[in-house]
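**Q** Below are the sequence and a predicted model; questions follow.
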Amino acid sequence: MTNYGAKELAESFRTVRGNTIKAAEDIPESQYGYQAAPETRTVEKMLTHIALGHRFSHQFHVAERRSNFEGMDFPKLFAEFHALEAKPRTKAEVIALLKENGELWATTLEGLSDQFLSEVVSMPPGATPASKTRFEMLLSVKEHEMHHRSQIMLIERMLGIVPHLTREAQQRMQQMQNQQAQKNA
């Protein structure tokens, strides 16, 4: 394994989840029903999907410690996940779900050994690549969240909200410009 292990994986996940929570907090509850296009998730459902996004990886890697996909009942599994996501939630409930599940997953990640992370999992027949390490597969939880958070940030723009990461970058730029102006004065 490399210098990037369970501790770093957990910390990077916490950073990503923290940014997702800030975006969720910035969107008014009155906009949680907003849907960017037909047949897409509302803000509330997308944030709920993010909050529960670790469940497949937890089931596969931690609960069952599978080394392949043989015998997985995907329709049943995803029906269960869909039912969990379908429950209506308030903004406060969504944010609490993001916080609680995020910390639960990060704590799980922290407890994994390098040996566990380096184990190889066989992918379904025909998949490319034919196998992946658990580390690579667990990293995909963070990547999945970042994918959906980018959608949330675009929705923020559509709602007239400047995303917090943009606001922070603008503030840093303004500080640097002010410092440069003081040096030149």
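**A** Structure received. Numbering: from 1, shown residues only.
**Q** host element of the residue nearest the centre of the chain?
**A** Residue closest to the average C-alpha location in the chain (C-alpha atoms, centre = their mean): residue 145, at 2.4 Å. Residue 145 belongs to helix 134-158 when assigned by DSSP states H and E.
**Q** what angle do the following helix or strand past that helix and helix 134-158 make?
**A** Later in the chain than helix 134-158, the nearest helix or strand by DSSP H and E is helix 164-184. Helix 164-184 and helix 134-158 are oriented at 80 degrees to each other (axes from the mean of the first three to the mean of the last three C-alpha atoms, to 10 degrees).
**Q** got a list of contacts for helix 164-184?
**A** 19, 22, 23, 26, 153, 162 (C-beta atoms under 8 Å, 6 or more residues apart in numbering). Heads up, the C-betas are built off the backbone N, CA and C, glycines and all.
**Q** any idea how far the second one lies from residue 115?
**A** Residue 22 sits at a distance of 35 Å from residue 115 (criterion: C-beta to C-beta, to the nearest Å).
**Q** which of the two has more neighbours?
**A** Neighbour count, other C-beta atoms under 10 Å: between residue 22 and residue 115, residue 22 has more, with 15 against 9.
**Q** Using the three-state scheme, assign the more buried one.
**A** At residue 22 the chain is in helix, as set by DSSP: H, G, I helix; E, B strand; the rest coil.
**Q** May I have the residues that are in contact with it?
**A** residue 164.
**Q** Now do the same for it: its pLDDT.
**A** On pLDDT, residue 22 comes in at 98.
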